[in-house]
Structures are given as C-alpha cells and as structure tokens.
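Enquirer: got a sequence here, can you model it:
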Amino acid sequence: LTAAINSLYAADLLGAAAGCVALVPLLNLVGASGTVMAAVALCCAACVCFAPDASRRHARGAAALLLAVPLGAQLAGADPFDIVTTKGFTPDKVMFSKWNSFSRVAVYDRPHQDWSLSPKFTGQRAPSVAMDIDANASTPIIRHGGRPGEAAYLRYELTALAYHLSERPAGFSALVIGPGGGRDVVTALVFGAHRVEGVEINPIIVRDVMLDRFREYSGDLYADPRVAVHVEDGRSYVRRSADRFDVIQASLVDTWAATTAGAFTLTENSLYTAEAFGDYLDHLTADGMLTVTRWMTEGLRLVTLAQAACAQRGLDPARHIAVVHHGTVVNFLLKRSPFTQSEVARLQRLSAELGFTLLYAPGLALPQEPNRTPGVQPGDYQDLITAADPAAFVARHPLDIRATTDDRPFFFYLTRLRDQLDPGVLSKGPYGSGLAALFTLFAVSAVLVALFVVGPLVLAAERPGPGWSLWLGYFSALGAGFMLIEVALLQHFVLLLGHPVYSLTVTLFCLLLGTGLGSMASRRMPLESVGRFVFGTLGAVALLAVVAAFAVPRVIELAIAAPLAARIAVAAAVMLPMGVLMGVALPGGMRLLDRARPQIVPWSWAMNGAFSVVGATCAIFVAMNWGFTATLLTGAAVYALAAVLLRRVRGFRLPA
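Expert: The predicted structure is shown next:
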C-alpha cells in the first residue's frame, strides 16, 4: 500500500480538484439538496466498486434504484428535499426560491419591515414583499417600483439622508452597492437621479427575481432606462470603474449566514476596509458623498475606516464626516469635499424634522444621550472623530474598532484578543456564536486527536520505537501548514476574483490539482534520493509562502482591473507551483516512514488529517487577529518546522 501512496494520494487530490470544478455548476443546476444527492451517488458508485463480484450486479441495481427517483425528481424541478424550516423557524408562504453556488434566495408573501423609517411619517407605504438570502439577510421588493407618490415614504428613511443633500434640479448620479430588491434604487429615483447604477453580486436576484418572476410586480425597475444593474462584486466593480458618482450607497450589505454557523472563512467582506473606503472616495465627484448604513455597534468602525482613508489622502476626517442614527441603525456620511456650513445646517434641520439623532457633524458640539447599545455610547462618535489622538481612543474602547484592511477584512468581528475566552462575549449575538463555534471546533479536534491518536500510542504496551513522535509531528505539521497557506491564499484572492465562492473554487482546484501532480511526479524519485528531495521542497514551500505574503497583495492590485479570465490565470499562476511543491511532502514522507517505522503509517496519516482540521481553525484565528500575511508567514514557519523534524528523525539521516 505504501509503495503506491503517490498514486493513491494523487487520485484523492485530483478527484477533489474535479469536485471543485463540478460544485458550482451542480449547485446552479440542481441546488444544494440535488448536489448532496449527486455526492451520495458518487459514494454509492465507490461502494459498488468494492462490492464482491457475486453481488456487484445487485449492488448496482440497488444504488441506481435508491438514487434515480429522488435525483430525477430534483432535475425535473420537483425538489423533494427542499428546505421548509430555516434556522429554527417556519417562514411565511414561499413565492419563489432558488439555489446557486453560494446562496439560497427566497421571496415570501409578507411585507418587508423598514429599517429606519422616521417616526414623523404618518402616510401610507408602498406595498412590498420580502426577499432574503440564506434565510437571514433580507431586502424588500416594492410593488410597481415605487411609482410617483407610492414611494414618497422613502424620503423619510434614515438611509436617504445623502440624497437630501445631493438633490438638484438637473439630477445626479448614484451607485448602489448591493441593491437587492431595489429599494435603494427606488430611493435614488424618487430624489431625481438621472443615472443609477447597481452592483449586485447575486445573479438570481437580478435575473430570476427582478428581471423575470417579479418584473411586473417591481414595475420593471431593473429595466428602467435610467437604471443599469451589474452582476458583480461591488468592490471589484468600483476598483475597475472609470466613472465618478454623486452618491455611493451601501445599506446593510451583508449576510450573517456563515457567521452564525461559525464559518468565519466566509464572513470577511472587502466592502468594508480602509482600502475600499479609499476606492469609494476616489470614485466620487468633487462634492460627492458616500453613505453607509450599519448597525449601531458597527458604526464606530466605519469612522476608523474613513479616518484611515482620509489620512492616506491628506484630508482632515473631522471636516468630511457626519453621523446620524435612529433606533439601532446608524447612517454614516463621508463627503469628498468638506461639509459646508449650509450643508451642516440642513443636516441638523433634517434630523430634527425627521426625528433622527445627529451624533456628529463638523463644527457642532452635540449633547450626548444615554447609552442604548452595549459597548457603544452615542457620544463615542463625536469623541472618536474629534479626538486629538484617535489611536488612543481606539485602544481603550471595549470593542475592537480598529480599521479593517484588505489583509484583515473581518469587519463584523469586534472582539478584542483579550476578550475571546470571555463567556459573555462568546454567547452574545451572531458574531459571538460564531466565535464560540470556532473555539468549540478547535477544542473538539484537539480532544479527539489526543484520545484516539496520541493517547493510544502513548499507552501502547509496545512502543513503535524511537523517533515516532517526530514522525507524527512531521505529518501533523504538513496537515496544519497546508491549511494555513490554503486559507490565507483563498482569502487573498477573494478581492481579485470577486466572491468567496469563486476564490474557493479556483484556489482549491489549483492547489489540489498542483498537489496531485506533485504527488505523481515525486514517484519518479529513487528512494535513496527522496529524503533530500522532500527536504528541499519543504524549504521551497516555506520560501514561496514568505514571498507570497508580501507579493500577492501587489499582484492583486495590478491585476484587479483585468478581465475575469485573466484574473483566474493570475491566481492559477500563483497556486499551481505552490501546490506541486506541497504535493511532494506527504507521499515522500510516507515512503521514508515505511522504511523506518512502517507500524505507524496509519497513525501518521490520521495525524495529518486531524491537523488539517486544526490548521484550518488556527488559520482563521490568526487571520482574524493579525491578518492573512501573518497567516501565510505562520504557514511558512510550520513547513520550516516540518523540515527540521524530518532532519531529526531517528533512523534516517539526510546526506551531507
């Protein structure tokens, strides 16, 4: 078996690479439940391959019967395994639902609640239905697209403040990031925008909902000649665009679906980083304005992002920022030019007329109201913006409100390192529950490894001989190091490729393909040369990871404006060589281990798999606190450790 380890390992990796390629079209074609059935079909096929010759025909017939009916129904659109109860509750009548490779979009027969409607509004709102993504992030579809008069209530929304200041007879241009069901697009049109561009990352929302099933209901909103909606990642679109806009708007653009599951690998958001805010500023007209609406707890981080972007451009952020809030929502305004006295006076008057609370505007000393949000005082906004030393304010604040960056883009993660084991923090809100899940996964993995791998070896009556712990450490380092590098590169390429799922598919495919090819190629190496060859490739992986930590961000910056095919080629050019080198270490090490300590081959394989899980968890923990550059450097250090362990293994000496 060990003699064929290169072929087995390569087959496993190449099969996984093929799965990466098949995943996206399968999810788009048959949804999540149909994709699960396809995976079951492959498992059944594997079982048939191992069935005894006498019963193989019966096994094939049983597998075909078990799969043909449900999978056929799925392909026919019946969807017998559709989700009925989502995240603990049964939703209202579903008018439409569809899966794609990264989400489930559903529309429900119920009106959508307003996030921040003025308490002074007493009229009638336009009818709407609610649409959500992954049963968590919701957006309304307004009936008839808010025909004149029907959508007048949007003038009373906190999210519309920037349009009050930008409204002019000749019209204005607006860019809406994450328009969803079109509410913010309607708002821009209500205020007289002559051109509205929307950037929506989810093609189901644009093509299946707004331009098809609910086209008439929405008043043909996305086909309006004044409106152009692009299916793309908002940040990538802004970076590549040559246009400038009077208003750039992003209202509660996020989904907590991955966070609530503890899947922090998908919760970073490149829309909310210091570099992103710099991109937005650079794409505003001379008097243009960025308006971002977030929950009150997250608003202070918007301020630090603006401060970082302004500092890079020599601007005084205290003259360019205004903050207004209502209830639990805060509206953040960042103007390319300083706010004028008349604009500040108008903003103050609007806030009073609409029943909103002005937390900061240039030149105003505002009274501080009592605290309403744990960890955030309303007066914190004014104190942070006007502080002589903002860094000192950030350092002593109970929440981690440091500006996020493209290297550390976890905008929604507000827990300080010192508080991460606090039970109160771990149990609160979607972010806390995700953090708790991360630590739980790490703890469970560590306990299982100790109980079922290390423990039996330590307690065994017959020890496997000297050096066994070094061998286990070597294969553990390979598992952890591979995941550290993989996760860091995956997240780096999210910005380049435009979406975590695309990055996941391309990154994993290239790494797995390269690793499989490396495993196959390493078989040609004579046994007497394997040690030196593996040692060299471990050093090369560590060196390449260090280079990638500093070079990849620059490569992404240069390539981000290129067409998608070219960006994929750039990602592949980085991934494939790294994968080929990493594919040598495990099968090469197994060949050496089979010569030195064959009795611990299964244990070593188990440690490699176990520490792949531990490594993935550690990769996210390091990235959340110190960034992806630190994660890559940690992966490089772990591969260097593997090289040291290999050299020290008893019974094996590398040639001088």
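Enquirer: show me what contacts residue 251?
Expert: Applying Cβ atoms under 8 Å, 6 or more residues apart in numbering to residue 251 gives the contacts 115, 159, 178, 183-184, 291-293. Bear in mind the C-beta positions are built from the backbone N, C-alpha and C, glycine included.
Enquirer: which pair of those spans the longest distance?
Expert: Maximum pairwise distance in the contacts of residue 251, criterion Cβ to Cβ, is 15.3 Å, between 183 and 292.
Enquirer: rewinding a little: flag the least confident of the contacts of residue 251.
Expert: The lowest pLDDT within the contacts of residue 251 belongs to residue 115, with 77.
Enquirer: mind listing what that residue touches?
Expert: Taking Cβ under 8 Å, 6+ apart, we find residue 115 in contact with 157-159, 251-252, 293, 329.
Enquirer: could you rerun that using 10 Å?
Expert: Neighbour list for residue 115: 138, 140, 157-159, 183, 251-252, 293, 295, 326-329, 331 [criterion: Cβ atoms under 10 Å, 6 or more residues apart in numbering].
Enquirer: buried among those? Need that as a selection in ChimeraX.
Expert: Those of the contacts of residue 115 that count as buried under 16 or more other Cβ atoms under 10 Å are selected in ChimeraX with:
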select :138,140,157,158,159,183,251,252,293,295,326,329,331
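Enquirer: the contacts of residue 115 in helices, which ones?
Expert: residue 183 (DSSP state H).
Enquirer: among the contacts of residue 115, which one lies nearest to residue 438?
Expert: residue 295 (21.4 Å).
Enquirer: ignoring the adjacent residues along the chain, who's closest to that closest one?
Expert: Take residue 295 and drop its neighbours on the chain: the residue closest to it by Cβ to Cβ, 6 or more residues apart in numbering is residue 328, 5.8 Å away.
Enquirer: for the one you found, give me phi and psi.
Expert: phi -100, psi 10 (degrees, to the nearest 10).
Enquirer: in strands only, show me the contacts of residue 115.
Expert: 138, 140, 251, 293, 295, 326, 329, 331 (DSSP state E).
Enquirer: now for the host helix or strand of residue 554, which elements pack on it?
Expert: Secondary-structure assignment from DSSP states H and E places residue 554 in helix 527-559. When contacts are defined as 3 or more Cβ pairs under 10 Å, 6 or more residues apart in numbering; DSSP states H and E, helix 527-559 packs onto helix 468-497, helix 500-522, helix 564-596, helix 628-648.
Enquirer: and the angle from that helix to helix 564-596?
Expert: 160 degrees (axes from the mean of the first three to the mean of the last three Cα atoms, to 10 degrees).
Enquirer: I'd like to know which helix or strand in the chain has the lowest mean pLDDT.
Expert: Every helix and strand of the chain was ranked by mean pLDDT, DSSP states H and E. The lowest is helix 257-260, at a mean of 47.
Enquirer: could I get whichever helix or strand comes after that helix in PDB with only the CA atoms?
Expert: The C-terminal neighbour of helix 257-260 among helices and strands, as given by DSSP H and E, is helix 274-282. Output in PDB follows, covering the C-alpha atoms of helix 274-282 (Å, rounded to 0.1, in the frame of the first residue of the first chain):
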ATOM      1  CA  ALA A 274      -9.700  51.100   4.600                       C
ATOM      2  CA  GLU A 275      -8.600  50.400   1.000                       C
ATOM      3  CA  ALA A 276     -12.300  50.100   0.000                       C
ATOM      4  CA  PHE A 277     -13.200  53.400   1.500                       C
ATOM      5  CA  GLY A 278     -10.300  54.900  -0.400                       C
ATOM      6  CA  ASP A 279     -11.700  53.400  -3.600                       C
ATOM      7  CA  TYR A 280     -15.100  55.000  -2.900                       C
ATOM      8  CA  LEU A 281     -13.600  58.400  -2.200                       C
ATOM      9  CA  ASP A 282     -11.600  58.200  -5.400                       C
END
